[in-house]
Structures are given as structure tokens and as C-alpha cells.
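Asker: Need coordinates for the below:
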Amino acid sequence: MNQKGKFSRKQIEQAYSINLLDYYSNRREVFGITIDNPDTVDRDDGVWLLEKENGNFELQVSITDVSAFIPTNSPLDREAIKRVATLYHTNPVTPMFPAAIGTNLGSLEENQKRLALTVFIDIAQNGQVRSSKIEETLFTNLKAFSYQEVEDILTNSGDRPENQLLVQMQSLAKILGINRGGQSGVLTEFGYVDEDGNLIKDNINTNQLIAEFMILTNTIVAKKLHDHNSLALFRTQDVGIKDLDLAKKLKGHQLVRASYSPVCQSHVGLGLPHYCHFTSPLRRLPDLINHRIIKALIKDNSSPYTSDDLINLASHINNFNEENKLQREHYLKKKKQRENEKKFSAICDLDLQELSSKEFSLLIEYAIEKNFLPEILPEVEKRIDELQPKDFYRLWFVGGTDKFCDCPNINAISVLLIKSQLNGSIVEYKSEYCQVRKKFFVFCYVDGLTTLEAAEDEKKTQAKQKSALAWIQAYLENQLTNNPNPIPSNELDHLINLNLSVNPKDSDGQVDNQINWIAVINNYCQVNRLPYPIYSFSDINGYFLCEVSLQLEEQKLDAQNYGRRKKEAKMNAASALVNKYQLR
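Answerer: Below is the predicted model:
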């Protein structure tokens, strides 16, 4: 990657020759706030929200208009094409524009007037967009908030009127997210998953607030460009399925890498038919290009780019992003390794009990990487209740341990969700409800493989959770299959025959009624000083279903079976319990 650090003399001269007063005329004045990281020096976007008399909202999203003073094919434009984006993982940061623009004239600084493109969006209380328009404006930043400042307000707003604007914004952002759907740009129990699938764990409410407003703005601009048949740099996540709803259902959980294209295609992860990047022209080349195109459109001018221009730019940017992604991942991995090495290298000197849950999670990752996981497994077992799904993912799928599958309260569904996000695995659940047994039967499939038997429970969510955990157990024991046993039939006679088949039969194929199975269980209970089992009955279409349960120390043993009479059902259930748990 040919990423230069310094700008040329001509580029610096162009930056310092800019006078914003030259561009003030014919621009409507607007104001708003910005929300960024505390160390941010390049502020691209500002937001404001007004409640209208009819109950609707007007959301104003103002984006810095650097395209106004950076003409195409100028020295700074040519350099921006080379750089493509500001790189924050380099040391020092490698900006797309010189500091005179990136941290001053183009940055929406507090109490300063800056050129902007503002998208005015009329939104109903249910989150539906009624109308929108785009105008060149003059934006004043009333307050430059940090993410942490806003998060503190959102989590403890009190009754102060000055906080209600942010609370209203958050409420609207949540509605927008629910309406949009999709697997990216969503809040999860682990944090906020951004549009590229990155997990953000801090200030999650504020991240969702800003992200939803930016996603909506990008969507509105993309739709306007699409509706006017304008070629632009659209952001697409194409999975080869034209029907968006079907694509979201079948492929939405896969992290297919998004890319830029002159042709508008759906973004499946975000669940959107039209999408582009528009909200970060100070630090991302596609946004700058789209600014120029949309400005030409609203002024009824011809586009500054040809079809071949956009094809070549899209290819160049996609190649750059792929290379930059690998370099960034390598940088972050090395950085994390250095931090973990510094913290955990002297494992013998660590007091593991003093580590926080977050620190212990990092220790698990480090122990797997350095091949000393067995040494900390006793401590893992002690802290099993505080482990998160990501920890179990590492233990099972990276560390290869087969322990802890029998621990209660493991969110196995979330563990497999992490596997799908990190490994690109396809996770599916197939369920059926059995009217006779009054239970849900669920198979969990990962990349086409599943367990031999379906998981079952009266509640669908529990059956699904059990199926996920059963899949993990089968994976660790190398017992997955692509040919599972069928889910029990809804036909009662078939079900009774199926249940009776587990009991000992005589030469005529009937259950051996010479054995008093109830007495066998009672004798087992007397010998082992256990309470007698509990029997319960249900009448199902002329048959009796008997369910029997026996408490064996901390384990509950249970079984069930059918009969045409209660006595027969009870004997068959007792037989099923004895043979299921070998109680003789």
C-alpha cells in the first residue's frame, strides 16, 4: 500500500489558501451538536432533532461539506484518491487531508461556523420517513459531546430539560433500528454490532444513536441517487439473492464483506435495498465522491464522474480496503498480544482470584494462544458462572477443551452466534411441534451438520437452547451427522409403539408384563434410601400418558410412556425409567 505520510508543498498551499467566507452566500444557517470520541479532532457530522406541531420529528443531519472547497482533479483531490481514507491504526494517524482542513476548516468545531450539507428528514412517531430534502447549509456546533458524556446522560437523564433532546434522540434511534431489522447495526447482549460487523462494547446506547441517524442519512441519499438513476459509489453487501427479505432470512447472519459498486444493490447485513456512504467525507473517499454527485443532482448539473470513472474508483477503493483490513487486523492483533504478554507473562506470580471478569476473559484467550490452558482450568471451573459466551466459544472452539458442557445457564445459542460471526458458519434451527407429546423438537444445524436426535422441551426457546448445546457437545465428541433420526410423528399409535420399543419384550413382541416395574423402582428406592417416584397422568385421545420422575441426589430422572389404561401406562412408564437409567 503506497500510503504517504507527508503532504506536498502544493497540497499544503491549496489547504491554506481556502477562505470559508468565500462560500457563505446562499446557505441556510442551521445548528446542532456533535458526538465523538474525546480525542476526536476531525468532526464530520452534527445532529439536531425538532418535534413538530403534528407530532412528527424533523431530524437534521449535517455533514461537513469539504467538497465545496476541494475541486475534482486538484492536488488535494488527487492525494485523497491515493490515500482513500484516514488511517487511525497507524502511529501517528495518517489523515486523508492536511490538518488545516481535517482538524480545522473541514471539522465541525464547537461554536464555529462550517460549510455543511444538511439532510432534513420528516419522521413520524412510528419511525417511518415521510419526506426528506438535502440543502447546502452553514452549520454551527452548539456543543461537542463525547460518547461517554452522552452515555452518562442516557443512563441517568433525570428530569433536566437540557437532557431531553438526547433522550428523544435515543428513543427515535431505537425505533429506527427496529424498523430496519438486519443483522448489522444492532444492539446485542454483548454490545453494539456496527454495520461492518465490529463489536463495540463501550457507550453502546450512544453508538446506536449516532449509527442509526447516519445509517438513515446514508439510506436516504442512496435512495435519491437510485431513484434518479444516478451512478454513484453505493455500499453493497450482495449475497446472490435478489429478494431482500429472503436474503436476510437465509444469509443475513453471515458476514459477507461489503464493497463499493457503481450499481445499486442491497445491503443484506443492514437489511436495506439502497445504501451508500455519505456521512464521513473528511476521512473517507467514497463519501467525498458521493457529496459531489448529490450536489450536482440537487443543482440539476451533470455528474462530475463518468461510469468508467466510478468503476475504476470502486475497484481501487475495494482493493485498498481489503489490504488495509489485513494490515489493521495484524496491527490490532500484535497490539493485543503485547498488552496480554505484559499483563500475563508471569502467570505463576498472578493472583487469579484478584482478576476481574474482563481480565480473566483476556487470560483465557492468552492461555489458549500460549498453550497453557490446562493450568488455569481449575480457576475456570471456579468462575464458571461469570463466564460470557465469548469465553465458552474460545474454550470449546479455539482451546479444544470438552469440559463445562454440563454447566447450567450457558447461552449456547449466543456461543454459536459468535461462531457464525467469526468463522462465517451457517447456523440454522429446524423445529416442529408434536401435538401428542405437547413438546417442541428442534435440530440445530451448523454448516449442514447436526445431532443424531432432536432436542425437546415444552417451550420452543428452551428446546432451541438445548439443541444448540447438544450440537456443541456432539461437535466436541465428533458425533455430528448429516442424517439425523426423524422427529417423532404426530400419529399417536406410532408414538406408543415407539415408546414401547424401549421396554423388554417377550417372544410375541409385547412388553414383558411378568416383571413388576413399579416394584423394581420401589425396591431401588428402598435400597438407596430415596423418596419414591412421582407419577402424573394425562388423557390424550383415549390413551393415558404417564410421566414419572425420581429425584436421585441432585439429578432428576424422568421418563414417560402410554397405555390404554392408567395401570398399563404407569407400568410402561416405570419400565421406561428403569431401562433408561439402568436402575436394576
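
Asker: and Leu49, what is it in contact with?
Answerer: Residues near Leu49 by CB atoms under 8 Å, 6 or more residues apart in numbering: 57-60, 165, 168-169, 172. All C-beta atoms are positioned from the backbone trio N, CA, C, and that covers glycine.

Asker: Now do the SS call for Thr90.
Answerer: Of the three states, Thr90 takes coil under DSSP: H, G, I helix; E, B strand; the rest coil.

Asker: Return the per-residue confidence for Asn318.
Answerer: At Asn318, the predicted lDDT confidence score is 92.

Asker: ugh, wrong one, Glu547
Answerer: Confidence score, pLDDT, at Glu547: 92.

Asker: how many neighbours does it have?
Answerer: 17 (other CB atoms under 10 Å).

Asker: How about the one 4 residues further on?
Answerer: Neighbour count for Gln551, taken as other CB under 10 Å: 15.

Asker: Quick check: the spatially closest residue to it that is not a sequence neighbour vs Ala569, distance?
Answerer: Once flanking residues are discounted, Gln551 sits nearest to Pro531: 6.2 Å by CB to CB, 6 or more residues apart in numbering. Going from Pro531 to Ala569 by CB to CB, to the nearest Å gives 21 Å.

Asker: Give me the more crowded residue out of those two.
Answerer: Ala569 (24 against 9).

Asker: got the contact list for that one?
Answerer: 537, 543-546, 561-563 are the contacts of Ala569 under CB under 8 Å, 6+ apart.

Asker: hang on, the earlier thing: on the three-state scheme, the residue nearest to Gln551 is what?
Answerer: Going by three-state DSSP: Pro531 is coil.

Asker: Low-confidence stretches in the stretch 151-300 of the chain?
Answerer: Within the stretch 151-300 of the chain, the ranges that satisfy pLDDT under 70 run 182-191, 194-198, 247-256.

Asker: ranges for the helices of it?
Answerer: Along the stretch 151-300 of the chain, counting by DSSP state H, counting those that start in this stretch, helices occupy 161-180, 204-227, 244-251, 285-298.

Asker: what's the closest of those helices to Thr72?
Answerer: Thr72 lies closest, by CB to CB, to one member of the helices of the stretch 151-300 of the chain: helix 285-298, at 6.8 Å.

Asker: which outside residues touch that closest one?
Answerer: By CB under 8 Å, 6+ apart, the residues outside helix 285-298 that reach it are 63, 65-67, 70, 72, 80-81, 83-85, 96, 117, 134-136, 221, 224-225, 228, 230-233, 235, 260, 276-281, 301-305, 310, 313, 317.

Asker: Just the ones in strands from those residues, please.
Answerer: Secondary structure defined by DSSP state E assigns 63, 117, 134-136, 235, 260 of those to strands.

Asker: Pipe these into JSON lines and attach neighbour count and distance to Glu149 per row.
Answerer: Output for the ones in strands among the contacts of helix 285-298, formatted as JSON lines (neighbours: other CB atoms under 10 Å; distance: CB to CB, whole Å):
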{"residue": "Ile63", "neighbour count": "27", "distance to Glu149": "22"}
{"residue": "Leu117", "neighbour count": "26", "distance to Glu149": "26"}
{"residue": "Ile134", "neighbour count": "21", "distance to Glu149": "29"}
{"residue": "Glu135", "neighbour count": "15", "distance to Glu149": "29"}
{"residue": "Glu136", "neighbour count": "17", "distance to Glu149": "30"}
{"residue": "Arg235", "neighbour count": "24", "distance to Glu149": "30"}
{"residue": "Tyr260", "neighbour count": "23", "distance to Glu149": "34"}
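
Asker: Domain-wise, how is the chain divided?
Answerer: As recorded under automatic domain parsing, the domains making up the chain are 9-331, 348-476, 492-581.

Asker: Mind telling me which of the ones you listed the model trusts least?
Answerer: Note on those: domain 492-581 shows the lowest mean pLDDT, a mean of 78.

Asker: Now do the same contact list for Gln148.
Answerer: For Gln148, the contact set (CB under 8 Å, 6+ apart) comprises 38, 202-203.

Asker: State the pair within the ones in strands among the contacts of helix 285-298 that is farthest apart.
Answerer: Glu135 and Tyr260 (25.8 Å).

Asker: quick one: the residue nearest to Gln551 and Cys525 touch, right?
Answerer: Yes. When contacts are counted by CB atoms under 8 Å, Pro531 is listed as touching Cys525 (6.8 Å).

Asker: does the residue positioned nearest the centre of the chain have beta-bridge partners, and which?
Answerer: Centroid-nearest residue in the chain: Val193, 4.3 Å away (criterion: CA atoms, centre = their mean). Counting by DSSP bridges, Val193 is bridged to Val186, Leu199.

Asker: ok, now how distant is it from Lys201?
Answerer: Per CB to CB, Val193 is found 11 Å from Lys201.

Asker: Equivalent analysis for Glu428, please.
Answerer: According to CB to CB, Glu428 and Lys201 sit 28 Å apart.

Asker: quick one: which of these two has more around it?
Answerer: The neighbour comparison of Glu428 against Lys201 (other CB under 10 Å) goes to Glu428, with 14 against 10.

Asker: what kind of secondary structure is the more buried one in?
Answerer: Three-state assignment for Glu428 (three-state DSSP): strand.

Asker: burial of His277, as a residue count?
Answerer: His277 has 25 nearby residues by other CB under 10 Å.

Asker: Wait, it touches Arg235, no?
Answerer: Yes. Using CB under 8 Å, His277 and Arg235 qualify as a contacting pair, with a distance of 5.3 Å.

Asker: Can you tell me which of the domains of the chain is nearest to Asn483?
Answerer: Nearest of these (CB to CB): domain 348-476, 8.6 Å.

Asker: angle of the longest helix seen in the chain against helix 285-298?
Answerer: What stands out as the longest helix in the chain, according to DSSP state H, is helix 307-344. Relative orientation of helix 307-344 and helix 285-298, computed by axes from the mean of the first three to the mean of the last three CA atoms, to 10 degrees: 140 degrees.

Asker: next SSE after helix 307-344?
Answerer: helix 357-369 (DSSP states H and E).

Asker: May I have that next one exported as PDB, CA atoms only?
Answerer: In PDB, the C-alpha atoms belonging to helix 357-369 read as follows (Å, rounded to 0.1, in the frame of the first residue of the first chain):
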ATOM      1  CA  SER A 357     -14.200 -10.900  34.900                       C
ATOM      2  CA  LYS A 358     -12.800  -8.900  31.900                       C
ATOM      3  CA  GLU A 359      -9.200  -9.600  32.800                       C
ATOM      4  CA  PHE A 360      -9.900 -13.300  33.300                       C
ATOM      5  CA  SER A 361     -11.600 -13.400  29.900                       C
ATOM      6  CA  LEU A 362      -8.300 -12.000  28.400                       C
ATOM      7  CA  LEU A 363      -6.300 -14.500  30.400                       C
ATOM      8  CA  ILE A 364      -8.400 -17.400  28.800                       C
ATOM      9  CA  GLU A 365      -7.600 -16.000  25.400                       C
ATOM     10  CA  TYR A 366      -3.900 -15.600  26.200                       C
ATOM     11  CA  ALA A 367      -3.700 -19.100  27.800                       C
ATOM     12  CA  ILE A 368      -5.100 -20.700  24.700                       C
ATOM     13  CA  GLU A 369      -2.700 -18.700  22.500                       C
END
